[in-house]
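next one to model:
(chains A and B)
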Amino acid sequence: QKEVEQDPGPLSVPEGAIVSLNCTYSNSAFQYFMWYRQYSRKGPELLMYTYSSGNKEDGRFTAQVDKSSKYISLFIRDSQPSDSATYLCAMRSGNQFYFGTGTSLTVIP
Amino acid sequence: GAGVSQTPSNKVTEKGKYVELRCDPISGHTALYWYRQSLGQGPEFLIYFQGTGAADDSGLPNDRFFAVRPEGSVSTLKIQRTERGDSAVYLCASSQANEQFFGPGTRLTVL
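The predicted structure follows:
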């Protein structure tokens, strides 16, 4: 079993839709939770970062962490074609970061 | 300011050859990470530097892989006797505190 599980998709939604992306994990030692966006042939770009259970909002993006269920989510409101990318969840334990496989998202104009 | 840069952006080599991949981190960042990303996968941890020393190299797949950071800034990932299975994007990230900032990666193709 992988440390971090993420549905690879692909996920296709119409412009303006609410997108929900999710990851589950098995390691209780994970303390920090991140979401990255990766465009084709580019490095991952940090979107959201949190270290506690609950919600964190930044513009159209909301990150949600449920440590009791070992489940994290990223919600994108009013999705735009420019949001089309691969979204990676990542978790940190000590000095190591563990990434999901990424979910490919396409927002159709 | 400047972000993390990696050179070359693309490297094509033949099986059995030696390659070096370079990473220039964000100035002042003490932590530096190397990852390998295969198609359709997330980045896979290779090695982590804190300053000049390799604090954790548990992700290096075998002894053909080696990395250095002699002055605590630029780092070089070295791969000896390359194999076709080494083909991937090699990502570097630097960090100060809890956030990682990634470079664009080097796409390595071993023919």
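
what's the neighbour count on the closest residue to B:Tyr35 other than its chain neighbours?
Nearest residue to B:Tyr35, sequence neighbours excluded (Cβ to Cβ, 6 or more residues apart in numbering or on different chains): B:Pro43, at 3.7 Å. (Each C-beta comes from the backbone N, C-alpha and C, glycine too.) Using other Cβ atoms under 10 Å in any protein chain shown, B:Pro43 has 30 neighbouring residues.

tell me which element the residue nearest in space to the middle of chain B falls in.
Centroid-nearest residue in chain B, with Cα atoms, centre = their mean: B:Trp34, separated by 3.7 Å. Here B:Trp34, judged by DSSP states H and E, is contained in strand B:31-37.

quick one: strands adjacent to the top strand by length along chain B?
The longest strand of chain B (DSSP state E) is strand B:88-96. Paired strands of strand B:88-96, with direction, are strand B:31-37 (antiparallel), strand B:99-102 (antiparallel), strand B:106-110 (antiparallel) (DSSP bridges).

let me know which of the ones you listed is tucked in deepest.
strand B:31-37 (a mean of 24; mean count of other Cβ atoms under 10 Å in any protein chain shown).

could you find the closest non-adjacent residue to the residue nearest to the centre of chain B?
Sequence neighbours aside, B:Leu46 is the residue nearest to B:Trp34 in space, at 4.3 Å (criterion: Cβ to Cβ, 6+ apart).
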